[in-house]
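A.B. asks: Need the 3D shape of this:
(one chain, ligands or ions: 2)
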Amino acid sequence: EEGTEKHEFQAETGRLMDIIVHSLYSNREIFIRELISNAADASDKLRMVKLSDEGSLEDDLDIRIAWNDEEKTISVTDRGIGMTKDDLVTNLGTIARSGTSSFLEKFKDAKDESSLIGQFGVGFYSSFLVGNRVTVTSKHEDDSQYAWSSAADGVFTIEETEKADEAERGTTVTLHLRDDALEFLDFNRLKELIRKYSAYIDFPIYLEEHKSEEVEVDVENEPTTEDKEASEDEEEEVPEDEEEDAPSADSDEEQATDKDESEDDDEINVEEDDYVDEEEHDPTKKWETRKYSEWQHVNDQKALWRRDPSEINKDEYDEFYDSIKKSTESKAISYAHFKAEGEVDFKALLFIPDRPSYDSYDVNEAAVKENIRLYVRKVLLKGYFHEGLLPRYLGFVAGVVDSDDLPINISRETLQENKALELIRKKLVRKVLELFKNLLKESDAEIAEKKESEDTEAKEEAEEVETEAEETAAESEEKETVSDDESETESKDDKKDETQYIKFWKQYGVSVKLGCVEDRVNQKRLINLMRFKTSETDVKDENDWASLDDYVSRMKEGQEYIYFLTGTSLESVMSSPFLERLKDKGYEVLYLYDSIDEYWTQQYTDHEGIKLMSLSKDSFAFNAQDEKIAKKQMEEARIGIKPLSERIKSVLGNKVERVKLSNRLRSVPMMISAERTGFTANMELIARAQSF
Ligand code: ADP
Ligand code: MG
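C.D. replies: Ligands and ions are numbered 1, 2, ... in the order given. From the prediction side, this is the model:
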């Protein structure tokens, strides 16, 4: 054909295309990701050029994906920088210009093919995974419009084309699908793939959706044959943006179909109900199926983490959380959005879900590790690392981490020993703990504020009561109802008023305690996040909890230890006879009733130089002085009680280690306690349950 130039691909390119088509077959759906990435790259390039030109850039950069059942084509159109004729020859005619052979070697050894495509700049050739002919029509500002075309048979052609549309620049890649790839001619399939791979592309991606509707038309005003032809031409193209909502009006060339008897025509004949039947075959009207297309915006999720936090409102964060969460009911308690700079740069957006996903603590569950998704330049790295970005005790945290410092195509092994990744992990943990701390601060401030307003309210109320006492009987009746209402709302509010931190603590306190055992580096930070019910807190008040620092600040004169008591529930701990002695002294006791408490208290034995003391351990003591006096008294008493204790031991046999006199009891005559080095009774239960 005149004006059509024929070129041969570089030898290696030809070979490579062959390899791609055959070895990537199972992963062929990635063609859409590659074409969209290229379209986005081209749009980015234009944006950069225009910005440096100080020229104004219309806001029309988007990516449109159209498809045609009859022609068996899929096309991806961008309004980006476009390609000149030379660009088409060099960019699409050669691959990996340098070191082609070594590239081919690497390619053959590759395990994960899909990742390689981007790495070696062969993304475009994935078109041939599904297309047996690919045509690229492109227009660059500096050149006319050209069409590049190839059937992957070793040659490609280039010819100048007429302007197909108004576009001054941009590229359309059209794939003529192979017969075994027709599955992609489906709106939902394409939508699913776009959202899977390209959800966070910066430019809007529109996907063509084919629709049809029944319309009633006047026979007299039927379009002429000329009209039909004109509209047929236009049908080839997808309607422009402005027509997004309105179905295109000029595509009524379809054959008329008889009105379906069962068609719900209520709306049309609302006022003419009585003679609907007679009117059904109105000779001046007929029904037609009209086909039209609509553009659907399919990448509504934004790469929010890449934007400036000061420009993002809470709704946007909530929306984003909705797009990544695993449980439909889940909401985010709090979030952190930050940029880390220094040895390694990354951006992160992290959320604390109000409930852990079902798999949050399953160490072997790969899904947990995917609670934090790792992106490299907005492209999802999936299944590459099995360590996870956060330690298991933080497995419930969800979010996104994005770093440009990580190579996008990296094998699992190398990623695991990647230094940048190690640094990201470390910083991420710090940031997550900071997020918890901030939540705690906010909640503490909230409680303080609430207390203040409650105090003034109480004062006002007291004053009110005084004045009301002087009022008439009728009025006081009214007052009664008012106060009833008040007490009702108060009790309802109790639950609602639970601060975000307490919500967090109830849900994830066990995780923080686990961290205290497993993450020695951050142990102190984790300890400061712990909140306890104690003998000095109001167990009914959702917001009344104590930290270890609170405990220390309330310690009595002469008190040497931080006392705690472990058990299986708050109730059982609170009713323990071990508490009695402490109550007399007015010493505060930490109530610990999570299994994990037995573990962290064995590791964290000393807070700010003050030892932690378990009430249920044999080694229990008030202080060194006490101990001495008690010892003396005890020695004397022990002699007197010896016959009894020996008798008991002989009855119980080896059900007990030994029977001895204790100074820890008041109203209870006897108790079972644990040895200093042994397990507490509670730990015994846990150990038995876990059978170790
Ligand atoms: P990569 O994107 O990794 O560079 P590809 O094989 O995907 O490799 O694309 C090869 C080259 O073709 C690109 O680098 C770019 O120069 C050019 N190209 C591909 N698609 C487009 C497009 N839609 N607009 C402009 N240039 C494109
Ligand atoms: Mg590419």
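
A.B. asks: what comes up buried for stretch 162-180?
C.D. replies: Residues A167, R169, G170, T171, T172, V173, T174, L175, H176, L177, R178 are the ones in stretch 162-180 that count as buried (16 or more other CB atoms under 10 Å). In this view, the C-beta of every residue, glycine as well, is placed from N, C-alpha and C.

A.B. asks: mind listing which of the residues you listed are in strands?
C.D. replies: Of the positions in the buried residues of stretch 162-180, G170, T171, T172, V173, T174, L175, H176, L177 sit in strands, assigned by DSSP state E.

A.B. asks: Surely the fifth one touches T73?
C.D. replies: This points to T174. Yes: shown here, T174 and T73 form a contact pair, counting by CB atoms under 8 Å, at 5.4 Å.

A.B. asks: now check the strand or helix carrying I74, is it near ligand 1?
C.D. replies: Assigned by DSSP states H and E, I74 belongs to strand 73-78. Yes: for strand 73-78 and ligand 1, the contact criterion (CB under 6 Å from any ligand atom) is met by D78.

A.B. asks: who in this structure is up against ligand 2?
C.D. replies: Contact residues, the chain versus ligand 2 (CB under 5 Å from the ion): S37, N38, G123.

A.B. asks: Kindly recompute the last result at 6 Å.
C.D. replies: Contact residues, the chain versus ligand 2 (CB under 6 Å from the ion): E34, S37, N38, G123.

A.B. asks: can you narrow those residues to ones near ligand 1?
C.D. replies: Applying CB under 6 Å from any ligand atom to the residues of the chain next to ligand 2, those adjacent to ligand 1 are E34, N38, G123.

A.B. asks: Find the nearest non-adjacent residue to the first one, please.
C.D. replies: It stands for E34. G123 (3.5 Å; CB to CB, 6 or more residues apart in numbering).

A.B. asks: shouldn't the one you found be in contact with I36?
C.D. replies: No: under the criterion of CB under 8 Å, G123 is not in contact with I36, lying 9.8 Å apart.

A.B. asks: neighbour count winner among these two?
C.D. replies: I36 (23 against 20; other CB atoms under 10 Å).

A.B. asks: Next up, the contacts around that one.
C.D. replies: I63, I65, V76, I194, Y197, S198, I201, I205 (CB atoms under 8 Å, 6 or more residues apart in numbering).

A.B. asks: before we move on, which element is it in?
C.D. replies: Assigned by DSSP H and E, I36 falls in helix 31-52.

A.B. asks: quick one: buried residues of that helix?
C.D. replies: Within helix 31-52, the residues scored as buried using 16+ other CB under 10 Å are 31-40, 42-43, 46-47.

A.B. asks: about what we covered before: from the buried residues of stretch 162-180, which has minimum pLDDT?
C.D. replies: pLDDT across the buried residues of stretch 162-180 is lowest for A167, at 52.

A.B. asks: can you pull the contacts of the residue in the chain that ligand 2 sits nearest to?
C.D. replies: Here the chain gets closest to ligand 2 at one residue, G123, 3.1 Å apart by CB to the ion. Going by CB under 8 Å, 6+ apart, G123 touches E34, L35, S37, N38, I117.

A.B. asks: between those, which is closest to K286?
C.D. replies: L35 (42.2 Å; CB to CB).

A.B. asks: Quick one, grab the pLDDT at the closest residue to the closest one other than its chain neighbours.
C.D. replies: Distances taken as CB to CB, 6+ apart put V76 closest to L35, at 4.4 Å, once the chain neighbours are dropped. pLDDT for V76: 98.

A.B. asks: so what's V76 bridging to?
C.D. replies: V76 has these beta-bridge partners by DSSP bridges: I65, V173.

A.B. asks: Pull up the distance across stretch 46-65, start to finish.
C.D. replies: Stretch 46-65 has an end-to-end distance of 19 Å (criterion: CA to CA, to the nearest Å).

A.B. asks: helices and strands of this protein: which one has the lowest mean pLDDT?
C.D. replies: helix 473-496 (a mean of 42; mean pLDDT, DSSP states H and E).

A.B. asks: Which residues does stretch 531-549 contact?
C.D. replies: In this structure, residues lying in contact with stretch 531-549 by CB under 8 Å, 6+ apart are 443, 447, 450, 494-495, 497-499, 501-502, 505, 509, 527-528, 530, 551, 554, 562, 570, 574, 579, 582-583, 588-592, 607-608.

A.B. asks: Give the buried residues for that stretch.
C.D. replies: Quick answer for stretch 531-549 (16+ other CB under 10 Å): 531-537, 542-543, 545-548.

A.B. asks: Run me through the strand neighbours of the helix or strand containing H7, direction for each.
C.D. replies: Using DSSP H and E, H7 maps to strand 4-8. Applying DSSP bridges, strand 4-8 is found paired with strand 155-160 (antiparallel).

A.B. asks: Great, nothing more from me.
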